[in-house]
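Asks: this one's structure only:
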């Protein structure tokens with residue numbers, strides 16, 4: 001599941017909206033919306049994020065947060081290390097190979113380290 005997908009699912013649960021009802025409201029298929037939530041589709045475009053915000057009546061900071069989550073929700077990110085140090089390339093390759101095996105606390109620790117200085 002992607003960060004965007006997790007937030008959409010949370011919003012649906014908080015408001016008691018079924019996936020089928022939301023999909024109909026957004027004029028999407030339930031299968032597509034489910035795939036988007038679970039990270040089996042690419043990151044949502046800005047237009048779809050705006051539709052989701054309008055559907056839930058989300059504005060201001062919460063809308064910006066949903067846009068930020070959408071940007072961080074590509075299910076198959078590509079890391080281009082061309083021109084970076086050999087250690088940076090090693091890091092990218094080791095992370096790609098092991099990310100699925102990392103304990104959740106390690107993922108949280110790495111995320112906290114990467115978030116330092118970027119405000120979120």
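Replies: Yep, it's here. For clarity, every value in this text was computed on a predicted model and none was experimentally measured.

Asks: Tell me which helix or strand comes right after the host helix or strand of residue 91.
Replies: Following DSSP states H and E, one finds residue 91 within helix 86-98. Counting by DSSP H and E, the next helix or strand C-terminal to helix 86-98 is helix 104-115.

Asks: contacting residues around that following helix?
Replies: Residues outside helix 104-115 that contact it (Cβ atoms under 8 Å, 6 or more residues apart in numbering): 99, 102. Every residue, glycine included, has its C-beta placed from N, CA and C.

Asks: repeat that with 10 Å
Replies: Residues outside helix 104-115 that contact it (Cβ atoms under 10 Å, 6 or more residues apart in numbering): 95, 98, 99, 102, 103.

Asks: Using a markdown table, lay out the residues you listed together with neighbour count.
Replies: What follows is the contacts of helix 104-115, written out as a markdown table (neighbours: other Cβ atoms under 10 Å):
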| residue | neighbour count |
| --- | --- |
| 95 | 12 |
| 98 | 10 |
| 99 | 11 |
| 102 | 13 |
| 103 | 8 |
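
Asks: Now for the residues you listed: which two are most distant?
Replies: 95 and 103 (14.1 Å; Cβ to Cβ).
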